[in-house]
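please work out how this folds:
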Amino acid sequence: MQLRYSFRVYPDGPQRAAPARTFGCARVVYNDALRAREDARAAGLPFPKVGDLSKALITEAKRTSERAWLGEVSAVVLQQSLRDLEAAYRNFFDGLKGKRPRTGAPRFKSRKDTRQAVRFTANARWSITPGGKLRLPKIGDLKVKWSRTLPSVPSSVTVVKDSADRYFASFVVESDPAADLARMPDPDSVVGIDLGLAHFAVLSDGTKIDSPRFLRRAEKKLKKAQRVLSRKERGSRNRDKARRKVARAHARVADARREFHHRLSTKIIRKNQAVAVEDLAVKALARTRMAKSVHDAGWSRFTAVLEYKAARYGRQFVRIGRFEPTSQVCSHCGVKDGPKPLHVREWTCGGCGTVLDRDVNAAVNVAKAAGLAVTACRARVGRAPVPAPRGEAGTHPKPPPARWEQAGVPGL
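Next up is the predicted model:
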């Protein structure tokens, strides 16, 4: 399995010019290639191949006075920019064919984009120095904050600059499945997860994880920074400083949410052999009055992290359909009591009389719908049969029909 390990990079003052130059050259080559392909499409001609674009837009362009500055950066970065455009077109056409979710057509990049990135493969001969710095061709040695050890030799590194003017180095490494499995315990428990807003996650064993609400907690500071930004003159340096402050405030919220997702997902994966979640309609919920809270929770990101960690550590991950009535069915007897408004947090089953917690009951039903079959006390059970209504329960026989007496049926 290929994984990405990201680390913070701290270029000094003179070193910031080299990444900026590299970002700009890669962006120009990308836009030139996109323009060449769009012109070919408008003229009814086949798309030019990557090799032809590389020769025309990189090799021959360096010999001209208009594009001579392309030689100031690594040629590998420019080649990877063309491959990124090729991948963008491939994803776009695969989406039209139904092979993957639909994506928009490739668009031109702007120098004002808040996120910039370039990729160095092994051909670029980048390296990590004995002193722990990242040595990139025609950029120099960059200071890296190593927060953990790389599991293997990286195959490529991507240098990213985000909207908060922070630099990151993202390494692609190969993970050893045997080593990953050896680091994790071998539990025999399974769990179903019900995601919500009052509680971020409720597990089928009764555990409730409160929602951190990172955006709501930082909303006051964000509003103040946004008001300061709105008062600055467009195009001024003060406005650019205020924009960076707003971006840093949002980055702190995103970082805290990401760390929470990773910590919680790792804890769940370590303790359970199988995990079941519900496929929520996040896009639909994001169009309601709960949109800000839904985005603040980040359910899609959390389930994606759970899924890839389950695949990495040999766990079973199951998504159940979004139309499964997990909040309407009693997890003890299986009677369906119908939909309930959101303010109803506890309800009594009409079939067996059990008082049920709405969220815990839904988590247990998520596990049962996935075929994991657990209860709130983690006992392995099967789906219980639906009992008869109370008026029909018992062993008292119904009185025989009148026609039987007239026919003289014996024993009546």
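
contacts and neighbour counts: CA atoms only from here.
OK.

which stretches in the stretch 301-412 of the chain count as strands?
Using DSSP state E, counting those that start in this stretch, the strands of the stretch 301-412 of the chain run over 316-320, 346-348, 355-357.

did I read that right, D141 in a strand?
Yes - membership of D141 in a strand is supported by DSSP: H, G, I helix; E, B strand; the rest coil.

which parts of this protein belong to which domain?
2-175, 190-369 (automatic domain parsing).

among the ones you listed, which comes closest to M184?
Ranking those by proximity to M184 (Cα to Cα) places domain 190-369 first, at 6.3 Å.

quick one: P101 and L150, what's the gap?
32 Å (Cα to Cα, to the nearest Å).

so which of the two has more stuff around it?
Counted by other Cα atoms under 10 Å, P101 and L150 do not tie: L150 has more neighbours, with 15 against 11.

ok, now which ones touch the more buried one?
L150 makes contact with 5, 173, according to Cα atoms under 8 Å, 6 or more residues apart in numbering.

the domains of the chain: which one's closest to L181?
Proximity to L181 (Cα to Cα) singles out domain 190-369 among these, at 5.4 Å.

state the mean pLDDT of the closest one.
Mean per-residue pLDDT for domain 190-369: 89.

what about that domain, start to end distance?
Termini of domain 190-369 sit 13 Å apart (Cα to Cα).

how about the helices of the stretch 51-200 of the chain, start to end?
Using DSSP state H, counting those that start in this stretch, the helices of the stretch 51-200 of the chain run over residues 75-96, 177-183.

only C-alpha atoms, please: export the last one in CSV.
Once non-C-alpha atoms are left out, helix 177-183 reads as follows in CSV (Å, rounded to 0.1, in the frame of the first residue of the first chain):
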residue,chain,number,x,y,z
PRO,A,177,1.6,-5.1,5.3
ALA,A,178,3.3,-7.6,7.5
ALA,A,179,4.9,-4.9,9.6
ASP,A,180,1.7,-3.0,9.9
LEU,A,181,-0.2,-6.1,11.1
ALA,A,182,2.5,-6.9,13.6
ARG,A,183,2.2,-3.5,15.2
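
buried ones in it?
Residues of helix 177-183 classed as buried: none (neighbour count, 16 or more other Cα atoms under 10 Å).

now swap in stretch 184-196 and tell me
189-196.

picking up where we left off before, confidence-wise, which of the helices of the stretch 51-200 of the chain is weakest overall?
helix 177-183 (a mean of 80).

tell me which residues touch the most centrally placed residue in the chain, please.
Central residue of the chain (Cα atoms, centre = their mean): R301, 2.9 Å from the mean position. Contacts for R301 (Cα under 8 Å, 6+ apart) come out as H261.

repeat that with 10 Å
Applying Cα atoms under 10 Å, 6 or more residues apart in numbering to R301 gives the contacts 257-258, 261-262, 307.

if we can go back for a sec, highest average neighbour count across the helices of the stretch 51-200 of the chain?
Among those, helix 75-96 has the highest mean neighbour count (mean count of other Cα atoms under 10 Å), at a mean of 18.

how far is it from where the chain is centred?
22 Å (Cα atoms, centre = their mean, to the nearest Å).

now do stretch 68-88
28 Å.

one more: stretch 242-249?
Remark: stretch 242-249 is offset 24 Å from the chain centroid, using Cα atoms, centre = their mean.

which residues sit against it?
The contact list for stretch 242-249 (Cα under 10 Å, 6+ apart) reads 114, 162-166, 215, 218-219, 221-232, 237-241, 250-251, 254.

which of those residues are buried, as a PyMOL select command?
Entered in PyMOL, the line below selects the buried ones among the contacts of stretch 242-249, by 16+ other Cα under 10 Å:
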select buried, resi 162+163+164+215+222+225+226+228+229+232+239+250+251+254
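
after the host helix or strand of R257, heading C-terminal, what element do we hit next?
Per DSSP states H and E: R257 is located in helix 237-271. Next in sequence after helix 237-271, counting helices and strands by DSSP H and E, comes strand 274-278.

please save the CA atoms from that next one in PDB.
Written as PDB, here are the backbone C-alpha positions of strand 274-278 (Å, rounded to 0.1, in the frame of the first residue of the first chain):
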ATOM      1  CA  ALA A 274     -14.600  -5.100  12.100                       C
ATOM      2  CA  VAL A 275     -16.200  -1.600  11.800                       C
ATOM      3  CA  ALA A 276     -19.500  -0.700  10.300                       C
ATOM      4  CA  VAL A 277     -20.700   2.900   9.400                       C
ATOM      5  CA  GLU A 278     -23.700   4.300   7.600                       C
END
